[in-house]
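Peer 1: Mind folding the following:
(chains A and B)
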Amino acid sequence: MKQLFSNPFIESFAHRFENIYQSVGFLLPEAALLAGIVLLLLLAISTRKAYGLRLAFWAVAIMMASLFAQLFFLVGQLRSLPDEAPLYLMADTLCVFHPLQIQARIALNLGALLFGVVFLFELLGHYRKESVEWLFWALSALLGLDLLLLSAHFLTFYMSFELSSIATYFLLSVGRQRRQHEALMKYVLFGAFASALMLYGISWIYGLAGSIEFTQAAFWQHLQAAPSLWLYIAWALFAAGVFFKLSVVPFHFWAPDAYEGAPAMSLAFVSAIPKVAILAFMMLLNSRMAAFAALQTVWGQLLMAVALASLLLGNFIALRQHNLKRLLAYSTIAHMGTLLLPVVAAGYEGAEEVFLYYWAVYALTLFVAFALAAQQQIDQIADLRRFNHTTGAKLAWGVVAFSLAGLPPTAGFLAKLGVFVHFWKMAASHNLALLLWVTALLSTAVALAYYIKIPYALFFKQESEAGAPAGADAALLPAMMIALLLVLAILWGYPFA
Amino acid sequence: MQHGALSSFSMILLFIIGSALFLLGGLFAAYLLAPRKPNHEKLSTYECGEQPVGHAWGQFNFRFYTLALIFILFEIETVLLFPWAIVFGQKELIEATQGRWAWFAFIEALVFIGLLLAGLLYAWRRGFLDWARPRPKVPSVHSPVPHALYENVNRRYSPPSKQKA
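Peer 2: Purely as a prediction, here's the structure:
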């Protein structure tokens, strides 16, 4: 055969290959997930019957096994992390070993495990038909998000982003109610549009920097040399896809409709889990451009503008909502605005802890809310009055409202306090950041007005004793336990230094 | 290397310009040289005889979509496996890595094909590959009038020439 490659290339190839070969072991967590996905696929075709209790049991067992295997490998990676400065280790276009990255992957894994537990409970109670498919798509979304955090190249980033997006579309389509189709169509079309914009943004970045390997210092150096107007265009286009996933303001239109139509468990997954990966990725990106002040200004201004708009719009439109799921959608938009604060201030010490804590509290609260709403098929806030709730469920609803609003007896308060205290470090010396800080604080006060509607409907406007009794649901027990945990978290005190 | 990657786009631009020129040149030569004797058949959209009926926005069977998706999957596999096969067998690369490259690339391709196969197996087992065969519905009429009566009527009123045949 003719020699295709030049000798210098072959020499560098040997080195590069050695690097890849040595780092394959770091992909074990993803291998565990992939094995779980393939096993689920094979399980689905192992019998003629598409659904069945035994099948569902095996599916949950496979999911839990692969998640536990992934957790085991991830914890191993976190423990073997060196104490010094963050280390990047490359496996071709993937990159592993940064504390925040591994922590975010563990957070993803734990979030998915929570859903696995709920399905286990569900098998003991009544059993829904779509469980097996659901688990398959949930694991696929998780794999996409996991690879997204690992990516060191915008193309790998885009591929994993799309993997998680497509899995998310299917997660929301499980159940197939009629009302769902419109919302789902909006979500899919809007998602396709946003990811096309992102791809266009990536091509701009490629044009400006001559490369899209964003772990290389040369990439940032070339990018910094570009005119700032072009940088704004490139980053804004790139951010379109990211902002769509986060459902922050210019790209939030899909959220209320999708929330209204979709099944509650899928929503709890889609609205909480992907966000930690995307936000952690943005934080990592932010820390990579730390040495390039001009770039960080552009990126920071973009994020701050979006956070500002999300906080204002999310909170003020939520005031007018009567539908519970729509209210939660606007509340998500506002919470994402708040979560962007530690991302913007990623350069200041302690951003990672504040961010992960806030996300965890937000995700758990949202999980409790959706589990409670699913249990009674509650649509409107006014519906809350009609049911005869158990005291436990009432208290859990109260915890949800207080935690989302950030009121004292719950972990939501600690999370909000942590974010505000941390962001002050940046706001003290930066005008736009100061504006954002004040807006975030004031909009938190506005938010009280609509969150309080939930406990008000439950405790003060209960219609009659003869309301329909709330049926038992699998997710109820985990939901109550998490609600208790959200209150007990206050006992540990202020968790940040 | 950074700007080397960018400048390799000039090759692509050359290819685009070259292929456009090649195409236009061929058309222009045909315009100069070809005899023009149009008739009805030659002017039809598809000279092979396919009649374009209706407009392009008409509905067509949803199943085309599933089949097209599965087809694309294997198209992509081919697109990947061609360069893989070229690079995989390079003796210099295998020697430079003491033979490990060959095993690595081989196992990588096996995993890739295995995943695709699992997907195909799923589609097959779930029946996405079965084209819905039209089942002709034979109409059956339960008439109180006996069949022989119709035949008698036909025999009686049909023209005599046909009756003989």
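
Peer 1: For the nearest residue to B:Leu129 once chain neighbours are set aside, grab the count of nearby residues.
Peer 2: Of all residues not flanking B:Leu129 in the chain, B:Ala123 sits nearest, at 6.0 Å (C-beta to C-beta, 6 or more residues apart in numbering or on different chains). All C-beta spots, glycine's among them, are computed from the backbone N, C-alpha and C. When neighbours are defined as other C-beta atoms under 10 Å in any protein chain shown, B:Ala123 has 17 of them.

Peer 1: for A:Thr390, same thing?
Peer 2: 14.

Peer 1: any idea of the mean pLDDT in stretch A:342-352?
Peer 2: Stretch A:342-352 shows a mean pLDDT of 86.

Peer 1: and the residue in chain B sticking out farthest from the centre, what element?
Peer 2: Most distant residue from the mean C-alpha position of chain B: B:Arg156, 55.4 Å away (C-alpha atoms, centre = their mean). Assigned by DSSP states H and E, B:Arg156 belongs to helix B:147-157.

Peer 1: closest point of the stretch 101-250 of chain A to chain B, which residue?
Peer 2: A:Gly210 (4.2 Å; C-beta to the nearest C-beta).

Peer 1: is chain B contacted by whichever helix or strand A:Phe219 is part of?
Peer 2: Here A:Phe219 sits within helix A:217-224, counting by DSSP H and E. Yes: contact of helix A:217-224 with chain B (C-beta under 8 Å from any C-beta of the partner chain) involves A:Ala218, A:Phe219, A:His222.

Peer 1: Pull out the buried positions in that helix.
Peer 2: A:Phe219, A:Trp220, A:His222, A:Leu223, A:Gln224 (16 or more other C-beta atoms under 10 Å in any protein chain shown).

Peer 1: hmm, who's touching it?
Peer 2: Here helix A:217-224 makes contact (C-beta atoms under 8 Å, 6 or more residues apart in numbering or on different chains) with A:205, A:208-214, A:231, A:288-289, A:291-292, A:294-295, B:2.

Peer 1: where exactly do the strands run in chain A?
Peer 2: Counting by DSSP state E, residue ranges of the strands within chain A are A:89-91, A:94-96, A:387-388, A:468-469.

Peer 1: now the third one: mean pLDDT?
Peer 2: In this model, strand A:387-388 has an average pLDDT of 66.

Peer 1: can you check the first one too?
Peer 2: In this model, strand A:89-91 carries a mean pLDDT of 60.

Peer 1: Same question for the second one.
Peer 2: Throughout strand A:94-96, pLDDT has a mean value of 65.

Peer 1: looking at it, A:Pro495 is touching A:Tyr357, isn't it?
Peer 2: Yes: counting by C-beta atoms under 8 Å, A:Pro495 touches A:Tyr357, with 6.2 Å between them.

Peer 1: With neighbour numbers in mind, choose between the two.
Peer 2: A:Tyr357 (19 against 14).

Peer 1: which of the contacts of helix A:217-224 count as buried?
Peer 2: Applying 16+ other C-beta under 10 Å to the contacts of helix A:217-224, the neighbour count classes A:205, A:208-214, A:231, A:288-289, A:292, A:295 as buried.

Peer 1: Those: which two are farthest apart?
Peer 2: Farthest-apart pair in the buried ones among the contacts of helix A:217-224 is A:Glu213 and A:Leu231; separation 17.8 Å (C-beta to C-beta).

Peer 1: where's A:Arg288 relative to A:Phe243, distance?
Peer 2: To A:Phe243, A:Arg288 is 19 Å away according to C-beta to C-beta, to the nearest Å.

Peer 1: Tell me how far the residue lying closest to A:Ala236 once chain neighbours are set aside lies from A:Gly412.
Peer 2: Once flanking residues are discounted, A:Ala236 sits nearest to A:Leu302: 6.1 Å by C-beta to C-beta, 6+ apart. Applying C-beta to C-beta, the value for A:Leu302 to A:Gly412 is 27 Å.

Peer 1: So between those two, which is more surrounded?
Peer 2: A:Gly412 (28 against 18).

Peer 1: Next, count neighbours for the closest residue to the more buried one other than its chain neighbours.
Peer 2: In space, and not counting its chain neighbours, A:Gly412 is closest to A:Ser403: 3.4 Å by C-beta to C-beta, 6+ apart. Counted with other C-beta under 10 Å, residues neighbouring A:Ser403 total 29.

Peer 1: Now do the contacts for A:Ser403.
Peer 2: Applying C-beta under 8 Å, 6+ apart, the residues near A:Ser403 are A:Val361, A:Thr365, A:Thr410, A:Ala411, A:Gly412, A:Phe413, A:Leu486.
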